[in-house]
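Trainee: Give the three-dimensional model of this entry:
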Amino acid sequence: MMDAIHVPVRDGDFNAALAGALAALLDRHVVDALLIPQESAHGTSINQTLVKRASALRSARPVSFVMPVNSARLLQLLSETEPSEKIAAVLRPCELRAAVELVKLNQIDRHNILFIGQDCLGTFRMKVYDKKAQEARKAGQDPTASLATQCQTMLRDTCWACEHFWPVEGTADLAVLHLGGDITKELYIEAQTDLGKQALKALGEAGYGPGRPADGRKAEIARRTALNADFRQKWLAETRARMGTLEGLLETISTCIRCYNCRDACPICYCKECIFDAEFMKPTPRSMLGKAGRKGLLRMPQDTLLFHLTRLNHMVSSCVRCGMCEEACPNDLPVARLFCSEAEEVQKVFDYVAGKDPKAPLPLATFKEKELEGIDK
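Mentor: Have a look, this model is predicted:
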């Protein structure tokens, strides 16, 4: 049974090549549905779509440079309450790691999901992508192919700071989609497990021949790891200098309007009822006027610091640093910086990398008598 297949690319259209291979999984009933990014009808934005017919893969973009939502959140909706049909999901590494965390938190049923990961070249902010996509369309170019040449200069900060931009060992349970080296030539699908190999067998029957990882993939990963590590070190140092004190944090979040977009965009924030939506947390006129009377003034809306500290307390041990919280903020608060900084410190304490190993126990679900010794030194 093959461990990898080669996906031939015609006329440089790597998305069409990958879509053809993924369509074969539907046609041959390996899966019943496919969760995959596709271009919108007007051609300037990318949306996740749930596809059940191969003919609907008219504008699939498994490789794109924008992430409107962390798709682990969509997998939660598709699998948490009842047995689902078999779904193949094309995921970026941060989405894959978020899915692993949600599996551990019993929010995703992994059994009917074929996880397909990919080496990630990074993403643009959505507003930037829309603008650049429109420019490419006007020039008669495919936006994805055009932006591939710009992805090293205009990525989101969280993508520049990413240390796991490829599917790390253990995250992909079923099959891994690798895009190595020159993506216009070096496409292949590699299986990590027996179930993944069964999927490749079906693709082999559909006419795809054996392949292998690109020769330059390891070297490219090493190069980008070093580059990103340098950026991340400076980026986090700036963050801690800016938000390392209570005064600095308060100043940073001073324009927060408590819209909860960051909470709603976070793939790990899964509570059915957030404490901040609970009835006992809703302020009354009397309580607000009472606080204003005691202090002389009351910032409105109130408790923004409590909201952000509560989210940090709940999320940082499982934060995969996807940056969706900051992408969703209407006031461009640097909440991703805050979470990335704190997540790195907290996960280092517990010797834990969120989403890296499906078998590693959650830090907050285990107890080690001496795990916090020396933390204040």
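
Trainee: Which residues are in contact with residue 248?
Mentor: Neighbouring residues of residue 248 by C-beta atoms under 8 Å, 6 or more residues apart in numbering: residue 242. Placement of C-beta: from N, CA and C, glycine included.

Trainee: can you list the weak-confidence ranges in the chain?
Mentor: In the predicted model, the chain carries pLDDT under 70 at residues 1, 43-44, 83, 151-152, 169-176, 179-186, 214-215, 367-377.

Trainee: quick one: the helices in it?
Mentor: 14-27, 72-79, 93-104, 126-138, 143-147, 157-160, 194-205, 217-243, 246-252, 261-265, 285-295, 304-315, 324-328, 335-349 (DSSP state H).

Trainee: Tell me which of the ones you listed sits most buried.
Mentor: Highest mean neighbour count of these: helix 93-104, a mean of 26 (counted as mean count of other C-beta atoms under 10 Å).

Trainee: Pull the residues that contact it.
Mentor: Against helix 93-104 from outside (C-beta under 8 Å, 6+ apart): 67, 70-73, 75-76, 89, 91, 108, 110, 113, 115, 117-120, 162, 164-168, 171-172, 267-268, 270, 318, 320-322, 354-358, 361-362.

Trainee: Tell me which residue of the protein is furthest from the middle?
Mentor: For the chain, the C-alpha farthest from the mean C-alpha position belongs to residue 293; by C-alpha atoms, centre = their mean, that distance is 44.5 Å.

Trainee: what about the residue lying closest to residue 17 once chain neighbours are set aside, neighbour count?
Mentor: Nearest residue to residue 17, sequence neighbours excluded (C-beta to C-beta, 6 or more residues apart in numbering): residue 9, at 4.6 Å. Counted by other C-beta atoms under 10 Å, the residues lying close to residue 9 total 18.

Trainee: go on, residue 244?
Mentor: Other residues near residue 244 number 12, with proximity taken as other C-beta under 10 Å.

Trainee: And it, how close does it get to residue 117?
Mentor: For residue 244, the distance to residue 117 equals 34 Å [C-beta to C-beta, to the nearest Å].

Trainee: swap in residue 129?
Mentor: Separation of residue 129 from residue 117 (C-beta to C-beta): 21 Å.

Trainee: One more: residue 293?
Mentor: Going from residue 293 to residue 117 by C-beta to C-beta gives 56 Å.

Trainee: same check, this time on residue 258
Mentor: As judged by C-beta to C-beta, residue 258 and residue 117 stand 35 Å apart.

Trainee: out of these two, which sits in the more crowded spot?
Mentor: residue 117 (27 against 14).

Trainee: from memory residue 338 sits against residue 238, does it?
Mentor: No - judged on C-beta atoms under 8 Å, residue 338 makes no contact with residue 238 at a distance of 12.0 Å.

Trainee: Identify the contacts common to those two.
Mentor: In contact with both residue 338 and residue 238: no residue, using C-beta under 8 Å, 6+ apart.

Trainee: Next up, the contacts around the residue lying closest to residue 98 once chain neighbours are set aside.
Mentor: Leaving aside its sequence neighbours, residue 98 sits nearest to residue 72 (C-beta to C-beta, 6+ apart; 3.6 Å). Residues near residue 72 by C-beta under 8 Å, 6+ apart: 91, 95-96, 98-99, 101-102, 108, 267.

Trainee: got it, and residue 30?
Mentor: For residue 30, the contacting residues are 86, 88, 114, 198-199, 202, by C-beta under 8 Å, 6+ apart.

Trainee: same thing with residue 307?
Mentor: 256, 258, 276.

Trainee: quick one: residue 158 and residue 125, what's the gap?
Mentor: Counting by C-beta to C-beta, the gap from residue 158 to residue 125 is 10 Å.

Trainee: Could you do residue 27 as well?
Mentor: For residue 27, the distance to residue 125 equals 36 Å [C-beta to C-beta].

Trainee: What subset of the contacts of helix 93-104 is buried?
Mentor: By neighbour count, with 16 or more other C-beta atoms under 10 Å, the contacts of helix 93-104 hold 67, 70-73, 75-76, 89, 91, 108, 110, 113, 115, 117-120, 162, 164-168, 171-172, 267-268, 270, 318, 320-322, 354-358 as buried.

Trainee: which residues touch residue 113?
Mentor: Taking C-beta under 8 Å, 6+ apart as the test, what residue 113 contacts is 75, 79, 84, 86-89, 99, 174.

Trainee: and if we set it to 10 Å?
Mentor: Neighbouring residues of residue 113 by C-beta atoms under 10 Å, 6 or more residues apart in numbering: 31, 35, 75, 78-79, 84, 86-89, 91, 99, 103, 173-174.

Trainee: measure the residue lying closest to residue 20 once chain neighbours are set aside to residue 23 for me?
Mentor: Among residues not flanking residue 20 along the chain, residue 7 sits closest, at 7.8 Å (C-beta to C-beta, 6+ apart). As for residue 7, its distance to residue 23 is 12 Å (criterion: C-beta to C-beta).
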